[in-house]
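Undergrad: dropping the sequence and predicted coords here.
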Amino acid sequence: MNSSIPATVKLPLREKLAYGIGDFASNLIFATLSAFLMFYYTDIFGLSAAAVGTLLFVARATDAVWDLYLGTLVDRTRTRWGQCRPYLVFGAPILAVCTIATFTVPAGSEAYKLGYAYVTYTLLMVSYSLVNIPYSAMPALMTDDPRDRTTLAAFRMFLAIFATMLVGAMTLKLVSLFGGGNKKLGYQTTMTVTALAGMVLFWVCATFTKERVPPVHQPKEVRKDLRVLIAGRAWWMMALMGLCVYTALSITAGSVLYYFKYVVGVEARASLYFAMLGLAIMVGIVISVQITKRYCKRKVMMVAASVSGFFYAVFYFVNPQSMVQVFAVRFLIQLFNGITTPILWSMVADTADDAELRSGRRMVGLTTSSIAFSQKFGLGVGGAIAGLLLASIGYQANTVQTPAVVHGLTVIMSWIPAFSKIMVVVILYFYPLGQRQLDAIQVGLRQARQAGAT
């Protein structure tokens, strides 16, 4: 054990920025997958909506299982660079290669292309987790201050949304520029540039961050660790929130291009929408950081989730031909989503601290990966539901859609995420870690670590 336990250290601005750059890199990939992958598979790659839905579920469910193993591996990684940062250095090139392969359309039959898509997309999801799970676990090892962790999450989300804005605003333009009318070539070249940029930015993140919280040497007892986690109510609430939030996210985000192409009638307006969406979330993140300095973040998140759910329901009634109505309501939705986003991620580290205080065992990696399991499972379920919904309402790629399809796309963009927000508020009501509990946990952990070091 270390001979001393350092007091809480306020992280320098440079390091917070470097950590945030890691999620900028992540979202160059993730934002593209969320917004364009299903459309790419149906309208560019040439697969049916039902087949794509099944593909997304299988690949993401496989990745969710991989996350659990990866979390235990991170917890027991010991290098001179720390527990998490080596994964960013060595995993980033693998992620880049898998991204380029996924956005390459092979020649061959539909069955061959479907098999190729299964292999490449599954590998992409697994390699994404290889980098993102350790990255997400880093705040608990960089600082033990819950408020500083919220700030780290805010930097992370702010730059993630900036990446989302760039992806949304530039992807279709770059596809057109690089493809010259050949969208297959356009997507492949665009994602090659994106993947290589992400790789370099992950290396920047790893270079300029530091893991300060001393490691705990403990035997490998994965079953015991899992039992400790699931014995805590905080973990269950976080897992349920991850399932609800990411199921709705997968359904809604993957439907945006369909909505603008077939409901609004102008696909190109989706680029402006993505930019506006990112701006709204950025404003929400800034508000979130300021509010959570004074108020309990659990209560702040409950209020913000309630308001965003209300505006999701309002969106059902907007006139899709009025860009003022469409953009105004979506801006308000994403503003309040931006308030909840850094809070949700900071709560993962809080859940790990709760488990450590109860058991004396540090499980940052497993906590992060097990909650990510619920999120990835939600993404898989959402992808399957989106594909099945499109098939059930009669969607056919690159044709004039029926009124049933138009109505169905509107429901997907409104009532489904509204219901998800209601579920999040109910779950938060039972989440046990308010600000007083978090402060008490940190006092208990410092005392326990000091006692173990002497």
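TA: Yep, it's here. Numbers count the residues shown, from 1 in each chain.

Undergrad: CA only for contacts and neighbour counts going forward, please
TA: Will do.

Undergrad: neighbours of the closest residue to Pro320 other than its chain neighbours, just the number please.
TA: The shortest distance from Pro320 to any non-neighbouring residue, by CA to CA, 6 or more residues apart in numbering, is to Val264 (5.3 Å). The criterion is other CA atoms under 10 Å. On that basis, Val264 has 19 neighbouring residues.

Undergrad: same check on the one 5 residues further on?
TA: Neighbour count for Arg269, taken as other CA under 10 Å: 15.

Undergrad: now it. Nearest residue, chain neighbours left out?
TA: Excluding the flanking residues, the one nearest Arg269 by CA to CA, 6+ apart is Phe260, at 6.8 Å.

Undergrad: how about Arg85?
TA: Of all residues apart from its sequence neighbours, Ala206 sits closest to Arg85 (CA to CA, 6+ apart), at 5.2 Å.

Undergrad: equivalent analysis for Asp225, please.
TA: Closest residue in space to Asp225, ignoring its immediate chain neighbours: Met363 at 7.2 Å, by CA to CA, 6+ apart.

Undergrad: check the gap between that neighbour and Val228 for me.
TA: If you measure Met363 against Val228 using CA to CA, to the nearest Å, the figure is 10 Å.

Undergrad: which neighbours do those two share?
TA: Shared contacts of Met363 and Val228, defined by CA atoms under 8 Å, 6 or more residues apart in numbering, are found at Ala355.

Undergrad: of these two, who's got more company?
TA: Met363 (28 against 17).

Undergrad: quick one, what contacts that one?
TA: Contacts for Met363 were tallied using CA under 8 Å, 6+ apart; they are Thr72, Asp75, Asp225, Ala352, Ala355, Glu356.

Undergrad: where does the third one land in three-state SS?
TA: It stands for Asp225. With DSSP: H, G, I helix; E, B strand; the rest coil as the basis, the three-state label of Asp225 is helix.

Undergrad: and the pLDDT at it?
TA: We have a pLDDT of 79 for Asp225.

Undergrad: if we can go back for a sec, quick check, the residue nearest to Pro320 in contact with Val318.
TA: No. In this structure, Val264 is not within contact of Val318 by CA atoms under 8 Å, at 11.2 Å.

Undergrad: give me the distance between the helix ranked longest in the chain and the centre of its chain.
TA: Here the longest helix in the chain is taken by residue count, with DSSP state H as the criterion, and it is helix 323-359. Averaged C-alpha coordinates place helix 323-359 at 11 Å from its chain's average position (CA atoms, centre = their mean, to the nearest Å).

Undergrad: coming back round to it: ok, the residue nearest to Arg269 - contacts?
TA: Remark: with contacts taken as CA under 8 Å, 6+ apart, Phe260 is in contact with Val266, Glu267, Ala268, Arg269, Ala270.

Undergrad: distance check, the third one against Tyr19.
TA: Note on Ala268: its distance to Tyr19, by CA to CA, is 33 Å.

Undergrad: which one of those two is surrounded by more residues?
TA: Under the criterion of other CA under 10 Å, the comparison of Ala268 against Tyr19 puts Tyr19 first, with 29 against 14.

Undergrad: any idea how far the more buried one is from Glu356?
TA: Counting by CA to CA - Tyr19 and Glu356 are separated by 24 Å.

Undergrad: any stretches of the protein with poor pLDDT?
TA: When residues are selected by pLDDT under 70, those of the chain lie in 1-9, 215-220, 449, 452-454.

Undergrad: same thing but 50
TA: Scanning the chain with the threshold set as pLDDT under 50 gives 1-7, 454.

Undergrad: what's the angle between the helix or strand following the longest helix of the chain and helix 323-359?
TA: Scanning forward in sequence from helix 323-359, with DSSP states H and E defining helices and strands, the next element found is helix 364-392. Here helix 364-392 runs at 150 degrees with respect to helix 323-359, directions being taken by axes from the mean of the first three to the mean of the last three CA atoms, to 10 degrees.

Undergrad: please renumber the chain so that the first residue is 76 from this point on.
TA: Sounds good: first residue 76 from here, last item helix 439-467.

Undergrad: packing partners for the helix or strand that helix 439-467 is followed by?
TA: Next helix or strand after helix 439-467 toward the C-terminus (DSSP H and E): helix 478-487. If you count contacts as 3 or more CA pairs under 8 Å, 6 or more residues apart in numbering; DSSP states H and E, helix 478-487 packs onto helix 439-467.

Undergrad: so how far is the helix it packs on off the chain centroid?
TA: In terms of CA atoms, centre = their mean, the centre of helix 439-467 is set 10 Å apart from its chain centre.

Undergrad: again, but for stretch 473-485
TA: The chain centre lies 28 Å from the centre of stretch 473-485; the measure is CA atoms, centre = their mean.

Undergrad: before I go, just wanted to say thanks for your time.
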